[in-house]
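Participant: Take a look and give me a structure for this.
(2 chains)
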Amino acid sequence: MRYSQAFIPTLREVPSEAQIPSHQLMLRSGMIRQVAAGVYSFLPLGYRVVKKVIAILQEEMDRIGGQEFHLPALNPIEIWEATDRVAAMGDVLFRLENRRNLVLAPTHEEIITYHARQHIKSYKELPQIWYQIQTKFRNEPRPRSGVLRGRQFLMKDSYSLDATWEGLDQSYQKHYEAYHRIFSRAGLRFFVVGASSGAMGGSASQEFMVESPYGEDTCALCDHCGYAANLEVATSALSPVPRLDPSPPLELFPTPHAKTINDLIEQFGVPEERCAKSVVYIVNSQPVLILMRGNDELNEEKLAAALQTTQFRPAEPEEIEDIFGAAPGSIGPIDVPDSVRILADTLLRETNGLISGANKDGYHYKNIDLVRDVGIIEYFDLRTVREHEPCPQCQQPLRIVRAIEIGHIFKLGTKYSEALGATILLEDGSEQPIIMGSYGIGVERIIACYIEQNHDDKGIVWNPALAPYDLSLIGINVHKDSAVRDIAEKLYEQLQQANFSVLFDDRSASAGIKFNDADLLGFPLQLIVGPRTLKEQTVEIKIRRSGERLHVPLDAVISTVQEQYHKLSEAEI
RNA sequence: CGGGGCGUAGCGUAGUCCGGUUAGCGCGCCUGCUUUGGGAGCAGGAGGUCGCAGGUUCGAAUCCUGCCGCCCCGACCA
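Facilitator: Model prediction:
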């Protein structure tokens, strides 16, 4: 491609809406332009990167036996009602209501299961891995960070169909390995965490994560043993609050100025871990009292897992007054109405000597014994892990980091096959729903994360794997200096014959503009043809990542480019 | 959906508080000449419904009301 003919609208200044480096650089390098919040056009340069990512995805999915589909983005709403996901997804699901009710698919479990139901009848036809790379639509309440969270985005989604749970394990493992290869080939530094399966349903789930301050997820990591978990499910090795023996007697005491756990600690000198914080949630319109140790933070994802529902919310202060007869700062587990279900974090399991509200304004109880004084308590892991707590595997301190999710693998089980009636006959003649897995990779996120990890103050630093072009061929004064022009044109031809994709900067712009644009676009190699080096019958090769410059005799240019390019490609893997 | 910020030419912005020439500047763009190894110089030029609608006023980018859009924080996130 000749630069003079190319549509690559680079920007010298950073558009004010872009806050993070990848967004700024994708705009500045002319890869993308915004059309609306969370909606972007990929311009030719950016789309070349998309296509390279897609090629990697296809190769690695094909390698594990995946078969590529192209499923429709327009789905009849009925199929989404059948799995109850119209309600589950709420406003995130785009709906079209002219003539026939349709939705824009945010994911494709339903359609995949629909086809499986149509045609898969026997265990003999399994396993299958079906995938596609397609545009997904999700009406995100808050798109952000450029293409990192869009309302329309490209996803590689795949689905495994198995007859047995062991088969699912194998399909899941294949994806795990394929995902490792994909992200490694893309040049990303990433890690894998155990994750919540959320509203998708199903059992095991892991997320592939890129550490970044701009991430929307938080993970607990152990640098010592490699433990890694999304904070939604992370645990630590903290010891439960030990029982006192003998159990001291229950005692009501006035606490007129204590509204919070910290007030109790400051005013009465009680140890934090002996305080039981009471939190009230309304779960399916029923009140639930949740006891947490001290100032431990309730984790709503864990609560959802414990309750097996996401239909809950914190109670309003007025509701708490109505139910407990006391303000939120004075409630506790003693003398609660029978209708209130009581949950407690496992750190409080069957312990005693606790201080908590008395359900009477201005009073607390001390020496509460959860076994002696409180009715039925259900114990669950409900707390949010904090920085420096001991790793659950090796007791070394945990690190808490922000991360961007680039891939997610799920053991779905039979949720969708049951809802849509996708069943098979087994060897013994019995009928059983197909056992499914679901696996996703965000294409734009790979690109944005790559740029987050590979840029400098001049621009992007592409590796061969994702680079939109292999190299920039820069002709200095091409339009005036016929010697430069002839050599550059000749190299342009030869490089293309040697199968390199080349952006030939044949513009009449000054050298500085060309150098800066080349650094901004950041192709792995720059080949600089100018009168200065041509006097010595050489041209210059600049390696973008290292900044290293080689002066190469004219007859050795192609072979040196091949050699350097090969080196850069090797370095990635 | 709650909180905050912003909306002036392709990009970045001044002016808005305190209404008053023809809305200013840098970059980019067009023409000409001179330049050309890290974002050239000179000269000339084009480009604006000041987000939209209504209101106040002799007069509105500026004040008031409503709406729309974008960004950030939070909630949400299969």
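
Participant: Every contact and neighbour count from this point should use C-alpha atoms.
Facilitator: Noted.

Participant: element containing the residue nearest to residue A:407 when sequence neighbours are not counted, please.
Facilitator: Computed as CA to CA, 6 or more residues apart in numbering, the closest residue to residue A:407 that is not its neighbour in sequence is residue A:441, at 4.3 Å. Using DSSP states H and E, residue A:441 maps to strand A:435-442.

Participant: State the next helix or strand along the chain beyond that strand.
Facilitator: helix A:443-453.

Participant: Could I get the average pLDDT for the helix or strand just after that next one?
Facilitator: Counting by DSSP H and E, the element after helix A:443-453 in chain order, helix or strand, is strand A:455-456. For strand A:455-456, the mean per-residue pLDDT is 96.

Participant: Strand A:455-456 near RNA strand B at all?
Facilitator: No - Strand A:455-456 is not in contact with RNA strand B by CA under 7 Å from any atom of the strand; minimum separation 11.3 Å.

Participant: So which elements touch that strand?
Facilitator: For strand A:455-456, not one helix or strand is in contact under the criterion 3 or more CA pairs under 8 Å, 6 or more residues apart in numbering; DSSP states H and E.

Participant: Help me confirm that residue A:471 comes into contact with residue A:499.
Facilitator: No - with contact defined as CA atoms under 8 Å, residue A:471 does not reach residue A:499; the gap is 11.4 Å.

Participant: So which of the two has more stuff around it?
Facilitator: Per other CA atoms under 10 Å, whichever of residue A:471 and residue A:499 has more neighbours is residue A:471, with 28 against 10.

Participant: could you list every residue that touches that one?
Facilitator: Residue A:471 is in contact with A:500-503, A:523-527, counting by CA atoms under 8 Å, 6 or more residues apart in numbering.

Participant: Number of residues surrounding the residue in the stretch 201-350 of chain A positioned nearest to RNA strand B?
Facilitator: In the stretch 201-350 of chain A, the residue that lies nearest RNA strand B is residue A:216 (5.8 Å; CA to the nearest atom of the strand). Residue A:216 has 12 neighbouring residues, counting by other CA under 10 Å.

Participant: What pLDDT is listed against residue A:328?
Facilitator: pLDDT recorded at residue A:328 is 83.

Participant: Revised request: answer the last question for residue A:315.
Facilitator: pLDDT at residue A:315 comes out at 85.

Participant: That one and residue A:282 touch, don't they?
Facilitator: Yes - judged on CA under 8 Å, residue A:315 makes contact with residue A:282 at a distance of 5.5 Å.

Participant: just checking, what packs against the worst-scoring helix or strand of chain A on mean pLDDT?
Facilitator: The helix or strand of chain A with the poorest confidence is strand A:312-314; it has a mean of 83 (mean pLDDT, DSSP states H and E). Counting contacts by 3+ CA pairs under 8 Å, 6+ apart, strand A:312-314 packs against strand A:276-283.

Participant: Each with direction, which strands does the strand it packs on pair with?
Facilitator: Paired neighbours of strand A:276-283 in the sheet (DSSP bridges): strand A:286-293 (antiparallel), strand A:312-314 (antiparallel).

Participant: deepest of the ones you listed, which one?
Facilitator: Ranked by mean neighbour count, the strands paired with strand A:276-283 are led by strand A:286-293 with a mean of 22 (mean count of other CA atoms under 10 Å).

Participant: which residues sit against that one?
Facilitator: A:272-282, A:298, A:315, A:333, A:339-345, A:347-348, A:382-383.

Participant: circling back: residues in contact with the strand holding residue A:441?
Facilitator: Outside strand A:435-442, the residues within contact range by CA under 8 Å, 6+ apart are A:109, A:153-165, A:168, A:171-172, A:175, A:406-414, A:417.

Participant: Show the contacting residues for the residue nearest the centre of chain A.
Facilitator: Most central in chain A under CA atoms, centre = their mean is residue A:405, positioned 1.4 Å from the mean C-alpha point. Residues in contact with residue A:405 (CA under 8 Å, 6+ apart) are A:207-210, A:215-217.

Participant: Just the buried residues out of the residues you listed, in PyMOL syntax.
Facilitator: Remark: buried members of the contacts of residue A:405, expressed as a PyMOL selection using 16 or more other CA atoms under 10 Å:
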select buried, chain A and resi 207+208+209+210+215+217
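
Participant: Alongside RNA strand B, which residues does the stretch 451-573 of chain A contribute?
Facilitator: A:458, A:476-477, A:479-480, A:508-517, A:519-520, A:528-534, A:539-540.

Participant: Quick check: residue A:347 is in a helix.
Facilitator: Yes - when DSSP: H, G, I helix; E, B strand; the rest coil is applied, residue A:347 is found to be in a helix.

Participant: can you give me the helices in the stretch 51-200 of chain A?
Facilitator: A:77-82, A:85-89, A:109-119, A:165-185 (DSSP state H, counting those that start in this stretch).

Participant: and the last one, what does it pack onto?
Facilitator: In terms of contact count using 3+ CA pairs under 8 Å, 6+ apart, helix A:165-185 is assigned the packing partners helix A:44-63, strand A:152-162, strand A:399-413, strand A:435-442.

Participant: C-alpha coordinates for the second one, CSV please?
Facilitator: The reference is to strand A:152-162. Presented in CSV, the C-alpha positions along strand A:152-162 are these (Å, rounded to 0.1, in the frame of the first residue of the first chain):
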residue,chain,number,x,y,z
GLN,A,152,-21.4,-3.8,19.7
PHE,A,153,-18.3,-5.9,19.6
LEU,A,154,-16.7,-9.0,18.0
MET,A,155,-16.6,-12.2,19.9
LYS,A,156,-15.2,-15.6,19.2
ASP,A,157,-17.8,-17.8,21.0
SER,A,158,-17.6,-21.5,21.0
TYR,A,159,-19.8,-24.2,22.4
SER,A,160,-19.0,-27.8,23.3
LEU,A,161,-21.6,-30.6,23.1
ASP,A,162,-20.8,-33.8,25.0
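
Participant: coming back round to it: would you mind finding the most buried of the helices and strands packed on helix A:165-185?
Facilitator: strand A:435-442 (a mean of 25).

Participant: Which ones among the contacts of residue A:405 map onto strands?
Facilitator: Cross-referencing the contacts of residue A:405 against strands under DSSP state E gives A:207-210, A:217.

Participant: and those residues, which two are the farthest apart?
Facilitator: A:208 and A:217 (11.2 Å; CA to CA).

Participant: Helices of the stretch 201-350 of chain A, start to end?
Facilitator: Using DSSP H, counting those that start in this stretch, helices in the stretch 201-350 of chain A cover A:261-268, A:300-307, A:317-324.

Participant: Let me have these in TSV, extended by distance to RNA strand B.
Facilitator: Output for the helices of the stretch 201-350 of chain A, formatted as TSV (distance: least, CA to the nearest atom of the strand, whole Å):
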stretch	distance to RNA strand B
helix A:261-268	21
helix A:300-307	7
helix A:317-324	17
